[in-house]
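1. sequence plus the predicted model coming up.
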Amino acid sequence: MPADAYSPTQKALHWLLFALVLGLYALTYAEALFVRGDPNRAVVWWLHISFGLLPAVLVVWRLLLRLGRGAPPLPTSMTSVERSLAKVGHFALYALLIAIPGLGILLTWLRGDALRFFGLFTIPAPFQANRDTARTIQELHSLCANGILILAGSHALAALWHHFIRKDDVLERMLPQSQQRGAVNG
Ligand code: HEM
Ligand code: HEM
């Protein structure tokens, strides 16, 4: 569904999810800072899971907004191949934004752990632990995490190409200060 502009909430969610994906990925490297058996290693994963639950919720909100109010149409200067590529890329980014937290939640439960959100609440595993399946899910979670980094990197390069080479408004319309005709809250 076409809209005149991304709403302030759509933009805020885009950049917040970007920061969370990058931060959560970077956080996984913090484990290597501590020796085996150091309790801080468990803290790293507690933080990863607690912060990880945020994108799980935010992506649902973002999808509902996307389905409800749509996105602004792509510039007419883009060829049909470029438009299709952009749409497939955005679809794949959404799919990974859903798959990564989904697999992360499944992985936590398959290991027999409960989901803990900063000590505020705990959701116990609704099924029995299964180490073998957990290993497969961990590989998939890791594969998708690497995939989103590569895809988001290409997506960011495309946005910069639009801005500096094509000189259209594609990057600007996702920036906080941009105010296009018809931008509304929500
Ligand atoms: C967009 C968000 C996320 C990103 C980018 C991300 C990324 C990663 C990466 C790169 C790893 C390391 C994988 C490996 O070395 O095999 C990992 C491990 C893990 N992630 Fe995530 N993750 C995200 C969200 C979540 C969520 C929502 C949960 C659970 C609620 C979760 C639970 C886990 C667990 C349990 C591990 C394995 C920890 C261990 O090896 O002990 N992740 N994640
Ligand atoms: C983890 C990182 C990122 C993810 C998951 C992501 C995801 C997405 C998705 C799914 C859309 C489609 C929006 C919609 O139609 O509802 C989008 C749009 C956009 N993103 Fe990202 N993005 C990321 C990082 C970035 C970065 C780093 C930049 C810029 C350097 C950027 C610039 C844009 C722009 C300009 C649009 C609007 C494109 C258009 O209107 O057609 N994104 N992003």
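-> Arrived safely. Ligands and ions are numbered 1, 2, ... in the order given.

2. is the one helix or strand residue 102 maps to up against ligand 1 anywhere?
-> In this assignment (DSSP states H and E), residue 102 forms part of helix 80-110. Yes. Contact of helix 80-110 with ligand 1 is found when judged by Cβ under 6 Å from any ligand atom, involving 100, 101, 104, 105, 107, 108. The way it works is simple: take the backbone N, C-alpha and C, and place the C-beta from them, glycine included.

3. just the mean pLDDT for the next helix or strand after that helix, thanks.
-> Where DSSP H and E defines the elements, the next helix or strand beyond helix 80-110 is strand 115-117. Averaging pLDDT along strand 115-117 yields 95.

4. which positions within whichever helix or strand comes after strand 115-117 qualify as buried?
-> Scanning forward in sequence from strand 115-117 by DSSP H and E, the next helix or strand is strand 121-123. Neighbour counts over strand 121-123 (16 or more other Cβ atoms under 10 Å) mark no residue as buried.

5. who does strand 121-123 touch, helix- and strand-wise?
-> Packing partners of strand 121-123 (3 or more Cβ pairs under 8 Å, 6 or more residues apart in numbering; DSSP states H and E): strand 115-117.

6. ok, stretch 84-104 near ligand 2 or not?
-> Yes. Using Cβ under 6 Å from any ligand atom, stretch 84-104 reaches ligand 2 at 86, 90, 93, 94, 97.
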